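In: Have a look at this fold, sequence not included:
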């Protein structure tokens, strides 16, 4: 089954304790991205990746890191999490095509992070 | 600030009625997509409309795009309780390849 898998689904942690949220897709997609969703603000893009070893900042990259060493995986790293990073996070993937907006995005089920 | 903004923020209708929501954006786009999100779940792609299209249909969904007004509308006809969800538009500006921007969404509640 074609899917985007995020882990963990839920995490409660404390300020400053490094954490990684994993994202894996089995559709051989070139494009992967991370979003955070906050009430009233919709989805805001954190980072995106056009292919292996190619990553770029989205609209809200501060406090996050990503890496794309393999095509299927795109982990999101919070080196020193803070309470303002408490949010619902989504990973998505798609083929690239001519434009990203030509391609339906496939979303994971989300990771709810609480930073105390 | 966000590229796409949906209006209204929330919509409550009865089953069988039509639901219309709008998306306005600020700068030129290539294409516009609509997504649905059931409570607490990931987004699901509904429909894509290209910048050179004015209207598109998919089942009970009808999408329009007016590039002169920088706006799009999503119409759900004969709504069902299962249509209860949040709906988002997503755009990629012409000068920003790869950056997909979503609006804040319209929350639709369909009561039986």
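Out: Arrived safely. Note that the coordinates shown come from a computational prediction; the quantities given were computed from them, not determined experimentally.
In: Can you give me the buried ones in the helix-or-strand element of chain B with minimal mean pLDDT?
Out: The least trusted helix or strand in chain B, going by mean pLDDT, DSSP states H and E, turns out to be strand B:4-7, with a mean of 79. The neighbour-count check on strand B:4-7 (16 or more other CB atoms under 10 Å in any protein chain shown) flags B:4, B:5, B:6 as buried. (Glycine included, C-beta is placed from N, CA and C.)
In: mind listing the strands for chain B?
Out: B:4-7, B:10-14, B:19-25, B:29-37, B:43-50, B:55-58, B:61-66, B:71-76, B:85-93, B:101-102, B:106-111 (DSSP state E).
In: Columns distance to residue A:66 on top of those strands, output as JSON lines?
Out: What follows is these, written out as JSON lines (distance: least, CB to CB, whole Å):
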{"stretch": "strand B:4-7", "distance to residue A:66": "24"}
{"stretch": "strand B:10-14", "distance to residue A:66": "33"}
{"stretch": "strand B:19-25", "distance to residue A:66": "26"}
{"stretch": "strand B:29-37", "distance to residue A:66": "22"}
{"stretch": "strand B:43-50", "distance to residue A:66": "20"}
{"stretch": "strand B:55-58", "distance to residue A:66": "33"}
{"stretch": "strand B:61-66", "distance to residue A:66": "32"}
{"stretch": "strand B:71-76", "distance to residue A:66": "30"}
{"stretch": "strand B:85-93", "distance to residue A:66": "19"}
{"stretch": "strand B:101-102", "distance to residue A:66": "18"}
{"stretch": "strand B:106-111", "distance to residue A:66": "30"}
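In: tell me the most buried of those?
Out: Of these, the one with the most neighbours on average (mean count of other CB atoms under 10 Å in any protein chain shown) is strand B:101-102, at a mean of 26.
In: which strands and helices sit next to it?
Out: Helices and strands touching strand B:101-102, as assessed by 3 or more CB pairs under 8 Å, 6 or more residues apart in numbering or on different chains; DSSP states H and E, comprise strand A:42-51, strand B:85-93.
In: Quick check: pLDDT value at the nearest residue to residue B:93 once chain neighbours are set aside.
Out: Excluding its sequence neighbours, the residue lying closest to residue B:93 (CB to CB, 6 or more residues apart in numbering or on different chains) is residue B:27, at 4.9 Å. You'll see residue B:27 listed with a pLDDT of 85.
In: Any idea which of the strands of chain B gets closest to residue A:22?
Out: Residue A:22 sits nearest to strand B:43-50 of all the strands of chain B, at 19.2 Å, using CB to CB.
In: tell me the mean pLDDT over the closest one?
Out: Rounded mean pLDDT across strand B:43-50 is 95.
In: and residue 22, what is it in contact with?
Out: Just going to use chain A. A:5, A:6, A:7, A:73, A:75 (CB atoms under 8 Å, 6 or more residues apart in numbering or on different chains).
In: Not quite, go with chain B.
Out: B:6, B:7, B:71, B:72, B:73, B:74.
In: one more time with 7 Å
Out: Contacts were defined as CB atoms under 7 Å, 6 or more residues apart in numbering or on different chains; by that measure residue B:22 touches B:6, B:7, B:71, B:73.
In: For it, name its beta-bridge partners.
Out: residue B:7, residue B:73 (DSSP bridges).
In: any idea how far it lies from residue B:112?
Out: Residue B:22 sits 26 Å away from residue B:112, going by CB to CB, to the nearest Å.
In: pLDDT score assigned to the residue most central in space within chain A?
Out: The centroid of chain A falls nearest to residue A:34 when counting by CA atoms, centre = their mean (2.6 Å). Residue A:34 is assigned a predicted lDDT (pLDDT) of 98.
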